[in-house]
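*Asks:* give me coordinates for this.
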Amino acid sequence: MHRDLFPITRNLVYLNHAAVGPLSVRACEAMERHARDQRDFGALHWRDWYAEYDRLREAAARLIGAADPREIAILKNTSEGLSFVAEGLEWAEGDNVVTTALEFPSNWTPWKRLEQRGVEVRVVRDVTAEAIEGQIDDRTRVVTISSVAFHNGVTADLEAIGTLCARRRVLFCVDAIQSLGMLPIDVRRANIAFLAADGHKWLCGPEGAALFYVAAEHREKLRPVEMGWTNIDRHGKFLATGVELLPDARRFEAGSLNTNGIYGLRAAIELLLEIGIETIAAEALRVANLLADGLEELGLKPGATRPLHSAIVGATPPVVDGRELMRLHGGLEKEGVVCAPREGLLRFSPHFYNDENDVGRALDALRTLTNR
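*Replies:* Alright, predicted model coming up:
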C-alpha cells in the first residue's frame, strides 16, 4: 500500500518507525521546495512561510481531533512540550503526579525533577485506569503517560484514563510520539489537557518539528517558561515591546520556528490524512501481528499480548543475553533489515506501507541468524 511514496522500500526492509521514520516523497519534496526558495530568494516569501505554519496547525488539529487549530503550538521536540507542562504548572509542596514504569526519559525526567520541589511522583506498573486510580488522591495534579510504550508496544486506553481524570478533576498529559500517525487519537474524547509528539517517527516527517496541544480551557493554567519575540503581542513593534502573551497556543513558541521542518511535517500529515488514519492503523496492526506470529514461531517472545494494539513488536530473543541481542541486531542490518535493540528486546516497528514480503525477509534473516 503506497510503497511508491516511500523510496526506502527499494533499499531496505525498514521496521524501525519507533526510532526514526523515513521521509515520504511528499514530505521530502515539500522541504526541497522550501530549501530552494530560501536559497534563491532568502526571506522574500516570509508571508508564505507564516501561512504554512497555520496550515500545519490546521492539519494537526484534524489529525488529533482538536476543536481549534489555535490549540496547537509548533515546538522542536516532544521533550520540550512535556517539560513545558512540568515546569509551567504552579506546584505546591505535597502535590503529586501519577505516571507509569514504562516511560521514555522524555516523560520521566521532567516529572522526577519536581521531587526537588516537594512534588511526589507515583509510579504504576500496569497502564490501566484501575491501576492509575489507585494512586490518585486529592493532591494529584497530573496523570502523565505514553500512549504507547516505546519498547514493548503496550498501549494505553486513553479514553478510559481520560474519563477517569475528568471524573477526578486531574489534568491528563500524553506523550503521543509512539502512536501519532499510526493509531487514531481524539484529544476531546479522551479528555486530554496536554499532548506532545515529534514528527519524525510514525508521522514520517523530519526531526526538529513537533506538535504541542494545549486544550483551550487549560491554557491559562500553563505558564510559558520561555519568552521571546514571537510569543508576545508586539503590536508591530520591535523596540520597547510589551510582554503580553499571545492569546492562543503560539504563546509557547518563543522564537523562530523550523520552517523547513514545518513544510515537511505538514506534507507528511496531509498524506496520512488523505489515506486515513483508520486505514493506516488497520494495515500497520495487520503487518505487526503477522510479524509477531512469525517471531514466536522462531522462539522469540513478543512483549505484548496478542492481538497487538500497536505496531511496536518488542520480542525477547531465545537466548537472553546483551551480546546475543546485539549480534542479532547487527546481523539483521547486514541483511538490510532495520530494527532496534531496546531494553533487552529486539524491537520491530512496521508501518502501513510494509507488507508480507517485508515480514518474510525479516523472518528469513532471523531464521538464519538463530539457526531455526
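*Asks:* which helices and strands sit right next to the longest strand along the chain?
*Replies:* Ranked by number of residues, the top strand in the chain under DSSP state E is strand 140-146. Where contact means 3 or more C-beta pairs under 8 Å, 6 or more residues apart in numbering; DSSP states H and E, strand 140-146 is packed against helix 78-88, strand 96-100, helix 158-168, strand 171-175. Bear in mind the C-beta positions are built from the backbone N, C-alpha and C, glycine included.
*Asks:* helices of the stretch 251-372 of the chain, start to end?
*Replies:* Remark: helices assigned in the stretch 251-372 of the chain by DSSP state H, counting those that start in this stretch are 259-275, 277-297, 322-334, 356-370.
*Asks:* poorly predicted segments of the stretch 1-150 of the chain, please.
*Replies:* Within the stretch 1-150 of the chain, the stretches with pLDDT under 70 are 1.
*Asks:* what segments of it are strands?
*Replies:* 13-14, 72-75, 96-100, 120-124, 140-146 (DSSP state E, counting those that start in this stretch).
*Asks:* out of those, which comes closest to Y263?
*Replies:* Closest approach to Y263 among those (C-beta to C-beta): strand 72-75, 11.7 Å.
*Asks:* quick check: buried residues in that closest one?
*Replies:* Neighbour counts using 16 or more other C-beta atoms under 10 Å place 72-75 of strand 72-75 among the buried residues.
*Asks:* what's the closest of the residues you listed to E274?
*Replies:* In terms of C-beta to C-beta, no member of these lies closer to E274 than I72, at 19.3 Å.
*Asks:* can you tell me the closest non-neighbouring residue to A61?
*Replies:* P69 (4.4 Å; C-beta to C-beta, 6 or more residues apart in numbering).
*Asks:* can you pull the contacts of that neighbour?
*Replies:* Under the criterion of C-beta atoms under 8 Å, 6 or more residues apart in numbering, the neighbours of P69 are 54, 57-58, 60-61.
*Asks:* ok so, going back, please work out which of the helices of the stretch 251-372 of the chain is packed deepest.
*Replies:* helix 259-275 (a mean of 23; mean count of other C-beta atoms under 10 Å).
*Asks:* check which helices and strands that one sits against.
*Replies:* Helix 259-275 makes packing contacts with helix 25-41, helix 46-64 when contacts are defined by 3+ C-beta pairs under 8 Å, 6+ apart.
*Asks:* Throw the ones you listed into CSV and include mean neighbour count, thanks.
*Replies:* Converted to CSV, the helices and strands packed on helix 259-275 look like this (neighbours: other C-beta atoms under 10 Å):
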stretch, mean neighbour count
helix 25-41, 16
helix 46-64, 18
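*Asks:* possible to save those as CSV with distance to F104?
*Replies:* Formatted as CSV, the helices and strands packed on helix 259-275 follow (distance: least, C-beta to C-beta, whole Å):
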stretch, distance to F104
helix 25-41, 24
helix 46-64, 19
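*Asks:* quick one on the thing from earlier: please name whichever of the helices and strands packed on strand 140-146 is nearest to D233.
*Replies:* Nearest to D233 among these is helix 78-88; the distance by C-beta to C-beta comes to 19.1 Å.
*Asks:* and that closest one, C-alpha only, in CSV?
*Replies:* Taking Å, rounded to 0.1, in the frame of the first residue of the first chain, the C-alpha atoms of helix 78-88 are listed here in CSV:
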residue,chain,number,x,y,z
THR,A,78,8.4,16.0,22.5
SER,A,79,10.7,16.6,25.4
GLU,A,80,10.2,20.4,25.1
GLY,A,81,6.4,20.1,25.2
LEU,A,82,6.4,17.7,28.2
SER,A,83,8.9,19.9,30.0
PHE,A,84,6.7,22.9,29.4
VAL,A,85,3.9,21.2,31.2
ALA,A,86,6.0,20.0,34.1
GLU,A,87,7.7,23.4,34.6
GLY,A,88,4.7,25.6,33.6
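*Asks:* quick one: work out the angle between it and strand 140-146.
*Replies:* For helix 78-88 against strand 140-146, the angle by axes from the mean of the first three to the mean of the last three C-alpha atoms, to 10 degrees is 170 degrees.
*Asks:* OK, contacts around the residue nearest the centre of the chain?
*Replies:* Per C-alpha atoms, centre = their mean, the C-alpha nearest to the average position across the chain is that of I177, at 0.8 Å. Each residue near I177 by C-beta under 8 Å, 6+ apart is listed here: 78, 104, 106, 146, 196-198, 201-202.
*Asks:* with V121 instead?
*Replies:* Taking C-beta under 8 Å, 6+ apart as the criterion, V121 is in contact with 96-97, 99, 111-112, 114-115.
*Asks:* ok, of the residues you listed, which come out buried?
*Replies:* Buried members of the contacts of V121, counted by 16+ other C-beta under 10 Å: 96-97, 99, 111-112, 114.
*Asks:* can I get these in JSON lines with distance to H329?
*Replies:* Compiled in JSON lines, the buried ones among the contacts of V121 are given as follows (distance: C-beta to C-beta, whole Å):
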{"residue": "N96", "distance to H329": "39"}
{"residue": "V97", "distance to H329": "34"}
{"residue": "T99", "distance to H329": "29"}
{"residue": "W111", "distance to H329": "31"}
{"residue": "K112", "distance to H329": "29"}
{"residue": "L114", "distance to H329": "35"}
